[in-house]
Each structure stands twice: as structure tokens, then as C-alpha cells.
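[1] Would you be able to build a 3D model of this:
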Amino acid sequence: MMKTLPNLVVVVLAICTICEGNVQPVAFSARMFAMGTTSPSQKSVPYTIEMTDTAGAYSNKRFTAPSPGVYFFTWSVTSLPDNPVDTVLMKNVTIIGKLSCHSFSKADKRNTCSQSTVVQLNSGDVVWVKATAPIGLLSRNYWPMFSGFKL
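    Numbers count the residues shown, from 1 in each chain. Below is the predicted model:
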């Protein structure tokens, strides 16, 4: 029985194959660091540990498009017990995606949620994840991430 690769892996492999020429690939991935991080309302969610940044476009919890084009973004959060996490993906000052993650358990249960979108960007557009209310976030072994790449 042949195993299939997840769709995202196949897309990334296809993009990497296309980028073998002189075209600079644009991709980043960052994760959270601390256990029980708090993010105040209207602030960037703290994806502070850079895992990948091929074009040097991710800085201070924000991605700045180095060139115009169509980009794919995904982000995840893990909610603490009985503590909802509501976030939005911003393009400059415009909401382009929403994610609401709730763990209704009073026990030591957590819930990890993710969201993705594809968006047209101009050079210099800034994309970031914003907390829409004061939130408690969980990281530690769960590694919530914010990632994106140019198609």
C-alpha cells in the first residue's frame, strides 16, 4: 500500500521544484516560545522563534512581502482550559482571516486550532496575526506556528 504525502507537503515540494532557477523562494515559519503566554487585545500574537525565513521578510512577529504575488498563510493557536483564543490574520490594517479556538474543559485539556488563506500581496504589504481580545496562549510542546510562502 502506497502512502500519500499531505497536501501541504506536496505543494511545498512543487514550489521548491519551480524555485530551482534564479528565483528567490519566499517562505517563513515561526513558532511561539513560552508556556502560558498572554497576548493583550489588538497586539501581535507572539510567534517569536523563527524556524525558517528564506527571504529575510519575517521580523518582529510580522511578515513583509518582498515582492508582489499570491501568498499562502497558515497559523495555529492552542487554547488553555476554559480560555478561548480569538485571532485574526491581518493584511496591513484589513482582516483577511479569522480563527476562534476554544477548550471548554475545566480539566487539563487543550485544543489546537488552525486556519489558512491565500491572498494577493503587493511589495511591502505586512501580514501578521492579531489577538482580538486578551488571551492566554499555550506553547511548550504544542508549537503553535505562523507560516507562509509565495506561490
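
[2] which strands and helices sit next to the helix or strand where Lys130 lies?
    For Lys130, the element it lies in under DSSP states H and E is strand 126-131. Judged by 3 or more Cβ pairs under 8 Å, 6 or more residues apart in numbering; DSSP states H and E, the packing partners of strand 126-131 are strand 62-64, strand 69-79, strand 85-91. Bear in mind the C-beta positions are built from the backbone N, C-alpha and C, glycine included.

[3] Now do that strand and strand 69-79, the angle between them.
    20 degrees (axes from the mean of the first three to the mean of the last three Cα atoms, to 10 degrees).

[4] hey, which helix or strand in this structure has the poorest pLDDT?
    helix 7-18 (a mean of 44; mean pLDDT, DSSP states H and E).

[5] any chance of the helices and strands packed on strand 126-131 in TSV, plus mean neighbour count and distance to Thr132?
    Shown next, in TSV, are the helices and strands packed on strand 126-131 (neighbours: other Cβ atoms under 10 Å; distance: least, Cβ to Cβ, whole Å):
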stretch	mean neighbour count	distance to Thr132
strand 62-64	19	17
strand 69-79	21	12
strand 85-91	21	5
